[in-house]
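Enquirer: Let's see this in three dimensions:
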Amino acid sequence: MIADLPMEPVLEVIGVFVGALSGALAGVRKQFDVFGILALGWAAGLGGGLLRDVLIGAVPPVGISDWRLVVTALVGGLAMYFFHPRLERARRSIVLLDAGALALFTVVGAIKGLEHGTTLIAAIFVGVLTGVGGGVLRDLLTGEVPVVLHHRQLYAIPALLGASAIAVLWKLDLATTGAAVTVVVGIFALRVVALRFQVEAPGPWPGLRRGRG
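Expert: Residues are numbered from 1 along each chain as shown. A predicted model of the protein is given here:
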């Protein structure tokens, strides 16, 4: 089962680093000082994991108790602080990395929820919240409306589909390493395709229009 995957912590470390880069970049663009940039890197890299652990009762949360993840977030923040002129020019690469972080966090979050004995529906919610939580916290701290709520991008929807896939695979005893990696790739691909072709989630329903006459 996925609970025995040696790669799960590796996926989480990669996700934290990438999330920290995106958070620190937001701080750079807001002209925050070094502390603010590192704080945003930590929030974006570990915010989703903090929310996940609180929800499933895994305390203390890894975002404040696992030194490896804390250091990873700080390293990501420092990398952006020192090298942001180059990294900011590589905006497209950061967007791709953010899509990767979404995919990684969603799958790791759903897996950890299932490992802690949550129901399938709870694991799906935990996976989605883990995936989008860091970005939401980053946007709130910079005074922005979270991108998941107002840009109509396919952001939460790929996470929802991916977390649901993990839950179904777990229920069918098909949650293998290969299956988990496939779901990660699927979430990432859906997010990237949506960005490439500007696929948007539906906006407000216009309602029924009455015919003239």
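
Enquirer: Helix, strand or coil: sort out the nearest residue to residue 98 once chain neighbours are set aside for me.
Expert: Leaving aside its sequence neighbours, residue 98 sits nearest to residue 22 (C-beta to C-beta, 6 or more residues apart in numbering; 4.9 Å). Glycine gets a C-beta too; all of them are placed from N, C-alpha and C. Secondary structure for residue 22, judged by DSSP: H, G, I helix; E, B strand; the rest coil, is helix.

Enquirer: ditto for the one 4 residues further on
Expert: In the three-state summary, residue 26 is assigned as helix, counting by three-state DSSP.

Enquirer: Confirm for me that it is in contact with residue 138.
Expert: Yes. Counting by C-beta atoms under 8 Å, residue 26 does reach residue 138; the two are 5.5 Å apart.

Enquirer: of those two, who's got more company?
Expert: The residue with more neighbours, out of residue 26 and residue 138, is residue 138; 26 against 23, by other C-beta atoms under 10 Å.

Enquirer: Give me the neighbour count for residue 67.
Expert: 9.

Enquirer: Where does the prediction get shaky in the protein?
Expert: Within the chain, the segments meeting pLDDT under 70 span 1-8, 87-91, 93-94, 151, 208-213.

Enquirer: which stretches of it form helices?
Expert: 8-29, 34-56, 62-65, 67-89, 91-115, 120-141, 147-150, 156-171, 177-196 (DSSP state H).

Enquirer: In CSV: the ones you listed, plus distance to residue 204.
Expert: Shown next, in CSV, are the helices of the chain (distance: least, C-beta to C-beta, whole Å):
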stretch, distance to residue 204
helix 8-29, 27
helix 34-56, 27
helix 62-65, 35
helix 67-89, 34
helix 91-115, 25
helix 120-141, 21
helix 147-150, 12
helix 156-171, 17
helix 177-196, 19
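
Enquirer: So for residue 202, which of these sits nearest?
Expert: helix 156-171 (10.4 Å; C-beta to C-beta).

Enquirer: for the helices of the chain, which one sits closest to residue 207?
Expert: helix 147-150 (20.7 Å).

Enquirer: Not counting sequence-adjacent ones, nearest residue to residue 32?
Expert: Using C-beta to C-beta, 6+ apart, the closest residue to residue 32 is residue 40 (6.8 Å).

Enquirer: Go ahead and confirm the one you found touches residue 144.
Expert: No. Counting by C-beta under 8 Å, residue 40 stays clear of residue 144, with 11.4 Å between them.

Enquirer: Name the residue in these two with the higher neighbour count.
Expert: Taking neighbours as other C-beta under 10 Å, residue 40 and residue 144 compare with residue 40 leading, 30 against 12.

Enquirer: quick revisit: the residue nearest to residue 98: what's it in contact with?
Expert: By C-beta atoms under 8 Å, 6 or more residues apart in numbering, the contact set of residue 22 is 44, 94, 97, 98, 101, 135, 138.

Enquirer: Output the residues you listed as CSV; include the columns distance to residue 31.
Expert: Below are these laid out as CSV (distance: C-beta to C-beta, whole Å):
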residue, distance to residue 31
44, 17
94, 18
97, 22
98, 21
101, 24
135, 20
138, 16
